[in-house]
Every structure is written in C-alpha cells, then in structure tokens.
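A.B. asks: attaching a predicted model along with its sequence, questions to come.
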There are 2 protein chains.
Amino acid sequence: MGILVQKYGGSSLAGAERLRRISERVASTRRAGRRTVVVVSARGDTTDELLALVDEIGGRDAARRAPRETDQLLATGEYASAALLALALERLGVPAVSLTGPQAGIRAVGRHGEGMIDTIDTGRVRSCLDEERVVVVGGFQGINHVGDVVTLGRGGSDTTAVALAAALDAGSCEIYTDVDGVYTADPRLVEAARKLPYVTADVMVEMAFSGAKVLHSRSAELAAAKGVDLHVRSSLVDREGTVVSQRDAGLLETGSAVSAITSDTDVARVLVHCKGKGDPVSTILGILAGNAVPVDLVARSGPQEEEFRMGFTIRHSDVERIREPLERAVAPLGGGIRVDTDVAKVSLVGMGLLNRPEYLARLTMVLSGVGIATSWVSSSQLRVSVIVPRHHHVETLRLLHTEFGLADTDSDG
Amino acid sequence: MGILVQKYGGSSLAGAERLRRISERVASTRRAGRRTVVVVSARGDTTDELLALVDEIGGRDAARRAPRETDQLLATGEYASAALLALALERLGVPAVSLTGPQAGIRAVGRHGEGMIDTIDTGRVRSCLDEERVVVVGGFQGINHVGDVVTLGRGGSDTTAVALAAALDAGSCEIYTDVDGVYTADPRLVEAARKLPYVTADVMVEMAFSGAKVLHSRSAELAAAKGVDLHVRSSLVDREGTVVSQRDAGLLETGSAVSAITSDTDVARVLVHCKGKGDPVSTILGILAGNAVPVDLVARSGPQEEEFRMGFTIRHSDVERIREPLERAVAPLGGGIRVDTDVAKVSLVGMGLLNRPEYLARLTMVLSGVGIATSWVSSSQLRVSVIVPRHHHVETLRLLHTEFGLADTDSDG
C-alpha cells in the first residue's frame, strides 16, 4: 500500500489524554499496513504562549522587529509535539521517529513568519519509512538557504502535510481537525448547514480564501495544484469527513451548483479618492505589494469620471501598515483615504458561477428585500462576494444558505 | 579585542526579570567592544518539566527506551532560551542571533543523553561575529552524523561553552552560575569556607569529579586539556569569581597545598566476594564498563589471600544497573555482593598531595580522634579520598577544612 500522510492540529494534541488517543489512531493505521507520515502542529495554545513570551521578553512589536528569533522560538512548539507523539507511539510498541522540518528536508523561502515551502528532500523520510517507522514531522516550518528556521504562517502545518503528500506521491492525505468536515456554511452560524461529502479542490480554495477556516487556503491551493486528494475529518470522532479532490469525475456532474456560503469578518474596506485627474492606480497597488498586503475585491472609477476613486478590501490587520504610505502618495493629488472596518464579506462558492447570472440577481434581491445594503459585488467562476455591514453578516449567511437550497437538497458540490 | 564566551545556567534565565538582567549584562560586555558568544541552558526547571512529560507521555522508563526522542524534546529547552535571550538583546538595541547547537556547527558523538562534543565547525558563529552580532548558542547538545540531536548530559552547557571557547580560540570563558566562585568547601555545609581567587585546572577537575558542583567535571577536563581559562562567577552579583587556569605561573608556587575539601553523597560502596580462589576482577570491570558505570575508588584483596574481595565506589543511581549481572557473574564462584549506600566520599583536593604523606596521617588521626570510622582511603597527586558513614559527612568536611588551614590562611590554591 502507498504512503499515508496525516496531519493533526494543536487542539488534537493538547494534554496527555488527547495525545494518547491520537497515538492509538496512528498505531491502528500503521498496523493496517500503511506507511505513515504524521504532521503535527504545536500543542494546544503553545504558539500563542510563545508569542506572549516574545512580547514579554522582546517588548512591544518584537515579533516584527526580530522575526528570525521569533521563528526560532515558535518552531520549538512543533519540535516538542513531534517528539512527544513519537514517544507515545513507542510506548504502544510502534517504531517511530520524530523529525523537525529541517531534518525532514523541508526547504522554505520567503520572509520569516510567512515562508513558503520551496522543495522537500524526502531522502530521510523515505529511509525512515523503509525501516518500517512512523515518521512524525513538525509542521509549520522549514529551513532556508542560510540554515535558519522559517515558519509558514497560520495554517502552515496543513500546508506542510499537503507538500509532503505531494513530494512523497502519497496515496492520501488526511487532515484531522476539531470539526468533522467541510460544511455548506459555518455550522456555528447557520444551523441548517450540511456537511459536504465531496468538494472540488478549486471550490475548496475559494472557500478557504473567502473565510472557511477548516482548511488554510494555501494548503488547499497546493493540493489543487499538485493533485493531492485531501480527506478533512475529525480527530475526536471516527466518522467520514469531506474529501477534497479534483480527480473524481463524478464530482463534476454537480459542477454548476453553489457548494457553500462563507463569510469573513477579518476584512476592511479602503476607499482612495483624488480630486484631480491623476491616475495613481499603479502607485497604490505598488504600495500594497511592497507591504505584502493581499487585496481581494478591487473596484475603481472609469477614466472619464471627474474624480478618481478606487476601493479594495484587505485584511483588518493590514490596515495600519498601508494607511500612512497611501495617504502620503495621494496627498499631492489632493486626495485622501477612508477606511471602513465595520464590514464583512459574504461569498457564494461553487463551480461555474459566471454561467449563472441569475445567482447574482437572486442574491441582491433577497438581501435588498430585508433591507441589507450590499456594496462591491465581485464575481468569478468560483465565487460571488458581497460586502455587507458587519452586524448583518450572520443574517446574510442564513438568508443565502436558504435561498441557494443548501439545507434541503442533495447537491454535494 | 578577542572573543569572549559567556555561559549562563538555567536559574539565571528563569523568568522575564532575570532574563532581562542577563541581557543587560551581555549588552554592556558587547558595548565594551568584546566579540561575544553566549551559551545558555534551558530556563529554570524546563529540563525537569520536559523529562516529566517524557514519563507522562512515554510511560515508565521512556527516556531509556526512546533516548533519541527524549533528546529531540529536551533540546527544545535550550533552543527557546537562546531565542528569548536574543530577543531581549535586540530589545536593548544589541544585534543578536540565536543558534541551535546544530546551527552553531556543534557535532556530537556517542549515546543519546550522554553525548560528547566531537568537532565544531565555527564558520557560522564567526561570520555572525563578523557582522558585529552577539551570538547566543543553545548549550547541552550537538548534532550527530545522521542529523539527530544528541544531548551531552547534565552540565553539558558548561562543556559547550568551554568547547566553543577552545574552537574559537577565545580570550576568555566566563561561567555564570548561582554561586559566586569556587570555594574551599561547600559554603552551605562549612561556614568557614573561603572563595578561591585562583585554582589550577587540574585541581578543578579533581574537585568537580569528587563532588564540587560549581563546574561539571567534563567541562573542567576539557578546559584543562585545551588550555582554556575559565572565570567562574555569579550571575546575580557583579563580583570577581574564581579563575581556573593552568597558565599563570604564579599559581604553581602554592602548588603543594590543599585547595579545597569536597564531598559527594551520590556514592555507593559495593563489595564483591568469592569463597574460592577464582579471580573475577576482569569480569567485574568488564560488567562495569559494559554498563557505562564509572568507578572511583577500587580496592581488592591480594592473590595470596584465602578469599577474593573487591570493593569499589560508584554513583548511587548506577547500582541497580549492575547488581544483577554482578550477582550472576560471581554466583558460580560461590560469591555474592554487598551494597552500602549509606556512605559519603570526602576528599582533599590540591596539587602534589602524594609528596605530602603527612596529610594522610593527619586526616586519619583527626577523624579517628572523634570516632569517625574511615574506610577505603585512596590517594593521588591531586586528591585524597575517604569513605565515611553518611551521617558523619558534614562533620568530616568541617574537621578537615580546619585541620588543613583552609579558613585562616592566604593559601589560594
């Protein structure tokens, strides 16, 4: 049988009892004859505790001032998880070996705290598997060209698992988490939400990017790009989760439906305006790129209009990084900026949405029917997003979940 | 100016306040223009807490069953210390970089948990020093030929500091600890104990080996072998400590005096006896060596005696490892073993003691004068040791400290 990659998140590993349960789950996989690689996050709140130490010892804003040292410190959380799970497996008589990211040959590039996996030299992992060992790899980090640890950002352990699965040509990749699959909407917000048995990788990428927290968007992207099938399931109950796959032709039959409704409140709407006829678009986008601030929806005034106006949405936490450089850039043009953080983004995610213009009509109609003001609609084949006032975001989710028949059909994605 | 290596123990690094104080001390060294390498242990009780986790997760005796994983876990304590001290230094505006043992090029050989430093590739440390950075190195561990972490055993951070000082040809090596130097006897046991301003490296090795806990014996050995001068001093108060050196000719003038009285209660006396005329000495020493049990005092009956008897002292914690193999070995010869753990070893340490036969006489006389039974006297140029009942060990220390004039002379070792 092929190689199986499993990933366990921090909450699955918090405390001796949970760690023991995970080790039993891994042991039974191993006994079933699968060559198993396990990727782990730091236990419980370890990463947050270490970040608090960074602040306490390094002073305010230390993680930004000394990102390399922050990474060296943060990575110890995953190292410890990996060693402890290996110890728990040895206790069950399962030969195991823990590897740090560097030991597992994971090379990363990019800035500290937001690295990307570049290549994986799988030699050591493969030779450990050949020795019939379970290989436990600390997720969330790799080593760069000078030998420093670079962490991959939140969700980085998911990405590590997918990258290892791709590099090892693994038969499957299981992501164990504290929810039991991918839902048509966040079940904490929408009671009628249903678990999807299947979802295509492209749709999963859009869902993750537009706010579904079950899987990090970069890991979904990587899985889509590399053709890795993911099985998202619960570490707490033994139940089928959601399979994220490009390859099952059967999935494509339901390809034009809405799969899920997602929402994101970590969003801010920025409006840049200038009185004159200048066109500072490239300056603005250059400032955003230079500060590594990803932009989602973008709208701008046409060239024939009196005033230049450009709006876009970014992450809440990125606002302060770009406010001042933007103001400085447009001041000579008699312009200014306005930031609205009291908003949420709600998205329909599915396949072939641009072929269904009636969706956009239904969406705006149902919301205006109850007096919810929408702004900045954006459409693509995979997603239709609107910006709504934040205090309406749960209501919007529920209305759209019902409107697009997610609660009561067999459409699965 | 040359390179300075400083080492801080775990208690110096426990808590944000102490860490801050250490960072200020390092910063002022750096500002004085010294190129500085700092070796750190794990903070406070981290190592003990991690060992408790090993037991909890891995089950009884897990550290012995899975020593590789235990090492992978334990090393995270030093990694975290190093990163946190670097963060504290950055906060003070001192450019710093933390390196794990592997990143610092420290190669270790030997068993997990009791590794030895083999070589140090100082390239990365030197290039960081060239960039005017303080280099903070996690002590206590290195990397072996397969890329695994190997820890160096208790006191391993002292050894790391000395090895780095030797490899970097450092001008000096300061060992910061919670006592302020090397004393003529343990000041907690002997009120009249005096701090020694100087002690020769050879004497320091004997002192460390015979129970003085201020410096680990392996680090003292390495310092003696490599000609590294150590300055043992307090991390809590700014006061001259004790210089351990071979090189200052001035020290040799007082070369025939007793420098200190040490004691060790982690000792067990083992007596092996056989009725017949067999000579199982090599078998016995083979069993000890095979179990990596170091032996100190050894005494045996002569070949002309009726019965074979051999006695030796070992560490308390090593008794159970060799009891059964020893019993099995001598049983066919009609023999058996007896273990006495209710003993202590008290030693005079100094230079040229064999040239002073009167010392042994004075030692036995003063003890027998107060009814303390001594057994198994052993002498060398550097040390005279006796075994006494454990409940007499403090009294023995005090009597000998006075008898050999350590409290009231200017003899300094």
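C.D. replies: In hand now; what should we look at?
A.B. asks: for the closest residue to chain B within the stretch 201-350 of chain A, give me phi and psi.
C.D. replies: Here the stretch 201-350 of chain A gets closest to chain B at one residue, A:S235, 16.7 Å apart by Cβ to the nearest Cβ. From N, CA and C alone the C-beta is placed, and that goes for glycine too. Backbone torsions for A:S235, taken as degrees, to the nearest 10, come to phi -80, psi -10.
A.B. asks: how much space between it and B:V349?
C.D. replies: 58 Å (Cβ to Cβ, to the nearest Å).
A.B. asks: what is the burial count for the nearest residue to A:L53 once chain neighbours are set aside?
C.D. replies: When the adjacent residues along the chain are set aside, A:L53 lies closest to B:L84, with 6.5 Å between them (Cβ to Cβ, 6 or more residues apart in numbering or on different chains). By other Cβ atoms under 10 Å in any protein chain shown, the residues close to B:L84 number 27.
A.B. asks: now do the one 5 residues further on
C.D. replies: Summarising burial for B:L89: neighbours were counted as other Cβ under 10 Å, giving 29.
A.B. asks: so after the helix or strand it falls within, what's the next helix or strand?
C.D. replies: Taking DSSP states H and E as the definition, B:L89 sits inside helix B:67-91. For helix B:67-91, the following helix or strand on the C-terminal side (DSSP H and E) is strand B:96-99.
A.B. asks: quick one: contacts for A:R218?
C.D. replies: A:116, A:152-153, A:155, A:158-159 (Cβ atoms under 8 Å, 6 or more residues apart in numbering or on different chains).
A.B. asks: which of those tops the neighbour count?
C.D. replies: Of the contacts of A:R218, with other Cβ under 10 Å as the count, A:D158 tops at 31 neighbours.
A.B. asks: how about the helix or strand harbouring it as CSV, C-alpha atoms only?
C.D. replies: If you go by DSSP H and E, A:D158 is part of helix A:156-167. Output in CSV follows, covering the C-alpha atoms of helix A:156-167 (Å, rounded to 0.1, in the frame of the first residue of the first chain):
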residue,chain,number,x,y,z
GLY,A,156,1.3,26.2,7.9
SER,A,157,1.0,22.7,9.2
ASP,A,158,-1.8,21.9,6.7
THR,A,159,0.5,23.2,4.0
THR,A,160,3.4,21.0,5.3
ALA,A,161,1.1,18.0,5.2
VAL,A,162,0.0,18.6,1.6
ALA,A,163,3.5,19.4,0.4
LEU,A,164,4.8,16.2,2.0
ALA,A,165,2.0,14.2,0.4
ALA,A,166,2.9,15.7,-3.0
ALA,A,167,6.6,15.2,-2.6
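A.B. asks: angle of that helix against helix A:67-91?
C.D. replies: 70 degrees (axes from the mean of the first three to the mean of the last three Cα atoms, to 10 degrees).
A.B. asks: so what secondary structure elements neighbour helix A:156-167?
C.D. replies: With contacts taken as 3 or more Cβ pairs under 8 Å, 6 or more residues apart in numbering or on different chains; DSSP states H and E, helix A:156-167 sits against strand A:3-8, strand A:35-40, strand A:106-109, strand A:116-120, strand A:141-143, strand A:172-177, helix A:217-226.
A.B. asks: and the helices in chain A?
C.D. replies: Per DSSP state H, chain A carries helices over the ranges A:15-31, A:46-58, A:62-65, A:67-91, A:123-130, A:156-167, A:201-209, A:217-226, A:281-290, A:319-330, A:357-369, A:393-403.
A.B. asks: could you dump those helices to JSON lines with mean pLDDT?
C.D. replies: Formatted as JSON lines, these follow (pLDDT from 0 to 100):
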{"stretch": "helix A:15-31", "mean pLDDT": "92"}
{"stretch": "helix A:46-58", "mean pLDDT": "93"}
{"stretch": "helix A:62-65", "mean pLDDT": "90"}
{"stretch": "helix A:67-91", "mean pLDDT": "96"}
{"stretch": "helix A:123-130", "mean pLDDT": "96"}
{"stretch": "helix A:156-167", "mean pLDDT": "94"}
{"stretch": "helix A:201-209", "mean pLDDT": "83"}
{"stretch": "helix A:217-226", "mean pLDDT": "84"}
{"stretch": "helix A:281-290", "mean pLDDT": "83"}
{"stretch": "helix A:319-330", "mean pLDDT": "91"}
{"stretch": "helix A:357-369", "mean pLDDT": "82"}
{"stretch": "helix A:393-403", "mean pLDDT": "93"}
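A.B. asks: ok, which of those comes nearest A:R194?
C.D. replies: The minimum distance between A:R194 and those falls on helix A:393-403, with 9.3 Å, by Cβ to Cβ.
A.B. asks: buried ones in the closest one?
C.D. replies: Residues of helix A:393-403 classed as buried by neighbour count (16 or more other Cβ atoms under 10 Å in any protein chain shown): A:393-394, A:396-401, A:403.
A.B. asks: likewise for stretch A:50-58?
C.D. replies: Neighbour-count burial for stretch A:50-58 [16+ other Cβ under 10 Å]: A:50-51, A:53-54, A:56-58.
A.B. asks: A:T283 contacts A:A329, correct?
C.D. replies: Yes - shown here, A:T283 and A:A329 form a contact pair, counting by Cβ atoms under 8 Å, at 5.2 Å.
A.B. asks: so the two - more neighbours on which side?
C.D. replies: Taking neighbours as other Cβ under 10 Å, A:T283 and A:A329 compare with A:A329 leading, 19 against 16.
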